[in-house]
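Student: below are the sequence and a predicted model; questions follow.
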Amino acid sequence: MKDYKKSTIYQIYPKSFCDSNGDGIGDIRGIISKLDYIKSLGVDYIWSTPFFTSPLHDNGYDVENYREINPVFGTMEDVEELIAKAGERGIGIMLDMVFNHTSTQHEWFQKALKGDKTYMDYYIFKDGTPDTPPTNWQSKFGGSAWEYVSSLKKWYLHLFDTTQADLNWDNPSVREELKEILRFWMAKGVKGFRFDVVNLISKPEVLEDDETGDGRKFYSDGPHVHEYLKELSADTGMENYITVGEMSSTNIDHCIRYSNPDEKELSMCFNFHHLKVDYKDGDKWELMQPDYRRLKELFEIWQTRMEQQNGWNALFWCNHDQPRIVSRLGNEKEYWKESAKMLATFIHMLRGTPYIYQGEELGMTNPGYSDIRAYRDVESIHYYNILKNKGKTEQEALEILSQRSRDNGRSPMQWDSGKYAGFSEQEPWISAPENHTFINVEAEEQDKDSILNFYRKLISLRKRYGVIQEGTVQFIDQKQPELLVYMRTMKGQKLLVASNFSGHEIVPEEPLSFAGGECLICNYPQRDREDRIEVLRPYESIVLFCAEST
Ligand code: TEU
Ligand code: CA
């Protein structure tokens, strides 16, 4: 079995992780200083979001030069040291490759702007007049996906910010350039890559208006995407690296193809369907209570079908684009510890590779910013204005942001109870919530029963039990939408995982019985009987293990 199937990955957002030089911005040397902490979690890889040179309009997802380090974050020597020192600790570094688009500051785009035909063909330019964009497609950050360049009398496509121009993957020279970038980093000793929105790279030959949507149906999992990924992999030896593609508005059939080893595309995929169960009518900016029935259904489908067809899931609740899960599906007040641990258990016992996003292992919450001036994210600021233009009051708009903004996941890592949460000596670029006084690494190291120590235990269980790594999955039907139960099975080993996603007790219709079962991990004190679960306490999760003689 491949190594990635046994691994756990820790995601770092460098800007918010640890500031080593007191400018209020996290940096590479900050990460190096925390390698022993990361090692102590038991993880195998670190995925760091981009630290390449960039104007930082989208915090580094707007790359100016893929081979240079943004001085705000450090130097190439720092990155080499990070790779080496992580390596000494048995941890591989995975870099974030933003290959769907570049910053408009990238020299390719700058040359294109000057009318250089070679480089204009690196991007997606279309003729037009200043008043009508080539199509009605919308940017993911709000507004048209097209920007007009008057000197060229052409529009260029940007699915994200106006400063993030989409690359033209149909141009073989573009594909060669991107392969060279991968080879450059492979030679530096990185062990893997995360590919940003990589299922958006292939646009249709003829671009047309979307009468029913924002255009995504034309370019998500686009016409040549599988072919381009196979080529990228074959030509760079990427197969020997751990790779994960971030898939935006994808579907399971494509994800099976992306991640089935026989296809030689990627090791695994992120998809976001399970993180949209609280979007009203699919709209992130309309609040709704989570639909647990849907959540259960999605996990069941993605777990079982990926297994049947030899695909592989990246498992996650949190990342730098998402609000904190304990504030979202848990209860950060009455059941902070219990719900954070339940959510962790549910994910870490599934089939796939779990990702932990910095601070998730502490049960970090949404920061609860209540003033628009607290926000930094380009998407949040755009949508604040869009929401107000749509007629929401200031209060309503702020309430929505406080639950949906990407900045909810970007507040500083909480290291201790000090003034700036131990993140920096100076005021951080984005502020830390009050609760850093008790939600922090230092406090949780001292508490045997902390969320942090619970994560450590979950990570070590995956290492120890084959059934967690490669067992089959079967969801067991339950009447209550908030009760999720699944079994994992492999020769000689069986696991039952039951999770209560609600703040009240749940009595299963039939007691969950598991003869010969012993408790591997539970977020509540011991039970009387472990082979029979008659009631689940609020946000309780329990994992029962049984070694069968077959
Ligand atoms: O995100 C892709 C993406 O589409 C979303 O996560 C997006 O932020 C959200 O759906 C908008 O509501 C990736 C990166 O993770 C993100 O940080 C970048 O901003 C984006 O690509 C562009 O590179
Ligand atoms: Ca710094």
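Tutor: Nice, I can see it. Ligands and ions are numbered 1, 2, ... in the order given.

Student: residues of the stretch 101-250 of the chain that sit close to ligand 1?
Tutor: 140, 160, 196-197, 246, 248 (CB under 6 Å from any ligand atom). Every C-beta, even on glycine, is put in place using the N, C-alpha and C of the backbone.

Student: how close does the residue of the stretch 401-550 of the chain found nearest ligand 2 get to Lys337?
Tutor: Ligand 2 sits closest to Ser424 of the stretch 401-550 of the chain, with a gap of 7.2 Å, by CB to the ion. Look at Ser424 and Lys337: by CB to CB, to the nearest Å, they are 27 Å apart.

Student: quick one: which of the two has more around it?
Tutor: Set Ser424 next to Lys337 and count neighbours by other CB atoms under 10 Å: Ser424 wins out with 25 against 17.

Student: can I assume the more buried one is in contact with Ser16?
Tutor: No: contact criterion CB atoms under 8 Å: Ser424 and Ser16 do not qualify, at 10.1 Å.

Student: any residues in contact with both of these two?
Tutor: Residues touching both Ser424 and Ser16 by CB atoms under 8 Å, 6 or more residues apart in numbering: 26, 412.

Student: enumerate every residue touching the residue nearest to Arg257 when sequence neighbours are not counted.
Tutor: With CB to CB, 6 or more residues apart in numbering as the criterion, Arg257 has its nearest non-adjacent residue at 5.4 Å, and that residue is Glu263. Residues near Glu263 by CB under 8 Å, 6+ apart: 226, 230, 257.

Student: did I read that right, the residue of the stretch 401-550 of the chain closest to ligand 2 in a helix?
Tutor: No: using DSSP: H, G, I helix; E, B strand; the rest coil, the secondary structure at Ser424 is coil, not a helix.

Student: filter the contacts of Glu263 down to the buried ones and hand me the ChimeraX line.
Tutor: This is how ChimeraX selects the buried members of the contacts of Glu263, with burial counted by 16 or more other CB atoms under 10 Å:
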select :226,257
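
Student: so which of the contacts of Glu263 are also by ligand 2?
Tutor: Applying CB under 5 Å from the ion, the subset of these adjacent to ligand 2 is empty.

Student: who touches the residue nearest the centre of the chain in this structure?
Tutor: Centroid-nearest residue in the chain, with CA atoms, centre = their mean: Asn319, separated by 3.9 Å. Going by CB under 8 Å, 6+ apart, Asn319 touches 11, 270, 355, 357, 409.

Student: which of these sit farthest apart?
Tutor: Phe270 and Gly409 (14.2 Å; CB to CB).

Student: looking at those two, which is more packed in?
Tutor: Neighbour totals were compared for Phe270 and Gly409, and Gly409 leads with 25 against 22 (other CB under 10 Å).

Student: okay but that one is in contact with Arg324, surely?
Tutor: Yes: counting by CB under 8 Å, Arg324 is a contact partner of Gly409 at 6.3 Å.

Student: host element of the residue nearest to Thr437 when sequence neighbours are not counted?
Tutor: Once flanking residues are discounted, Thr437 sits nearest to Ser417: 4.6 Å by CB to CB, 6+ apart. For Ser417, there is no helix or strand it lies in under DSSP states H and E.

Student: check Ser417 and give its pLDDT.
Tutor: As predicted, Ser417 sits at a pLDDT of 98.

Student: now the one 5 residues further on
Tutor: Among the per-residue scores, Gly422 holds a pLDDT of 98.

Student: so what's the residue count around it?
Tutor: 20.

Student: quick one: residues contacting it.
Tutor: 414-416, 440-442.

Student: need those residues in CSV (columns: distance to ligand 2, neighbour count and secondary structure).
Tutor: Compiled in CSV, those are given as follows (distance: CB to the ion, whole Å; neighbours: other CB atoms under 10 Å; DSSP: H, G, I helix; E, B strand; the rest coil):
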residue, distance to ligand 2, neighbour count, secondary structure
Gln414, 17, 29, coil
Trp415, 14, 22, coil
Asp416, 17, 16, coil
Asn440, 19, 24, coil
Val441, 19, 21, helix
Glu442, 21, 12, helix
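
Student: so where's this structure shaky on pLDDT?
Tutor: 1-2, 549-550 (pLDDT under 70).

Student: how about the residues of it by ligand 1?
Tutor: 58, 61, 98, 140, 160, 196-197, 246, 248, 284, 320-321, 379, 406.

Student: and with 8 Å instead?
Tutor: Proximity of the chain to ligand 1 (CB under 8 Å from any ligand atom) is limited to residues 49, 58-59, 61-62, 98, 100-101, 140-141, 159-161, 164, 196-197, 246, 248, 272, 284, 319-322, 378-379, 406.

Student: of the residues you listed, which belong to helices?
Tutor: Mapping these onto helices (DSSP state H) picks out 378-379.

Student: now that we have the residues of the chain next to ligand 1, which of them are buried?
Tutor: By 16+ other CB under 10 Å, the residues of the chain next to ligand 1 give 49, 58-59, 61-62, 98, 100-101, 140-141, 159-161, 164, 196-197, 246, 248, 272, 319-322, 378-379, 406 as buried.

Student: which residues touch the nearest residue to Asn59 once chain neighbours are set aside?
Tutor: Spatially, and ignoring its direct neighbours in sequence, Asn59 is nearest to Lys15 (6.0 Å; CB to CB, 6+ apart). Counting by CB under 8 Å, 6+ apart, Lys15 touches 25-26, 59-60, 73, 410, 429.

Student: can I get these in a markdown table with secondary structure?
Tutor: Formatted as a markdown table, the contacts of Lys15 follow (three-state DSSP):
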| residue | secondary structure |
| --- | --- |
| Ile25 | coil |
| Gly26 | coil |
| Asn59 | coil |
| Gly60 | coil |
| Phe73 | coil |
| Arg410 | coil |
| Trp429 | coil |
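
Student: so how many other residues sit close to Asn65?
Tutor: Asn65 has 16 neighbouring residues, counting by other CB under 10 Å.

Student: does Glu361 count as helix, strand or coil?
Tutor: Per three-state DSSP, Glu361 ends up helix.
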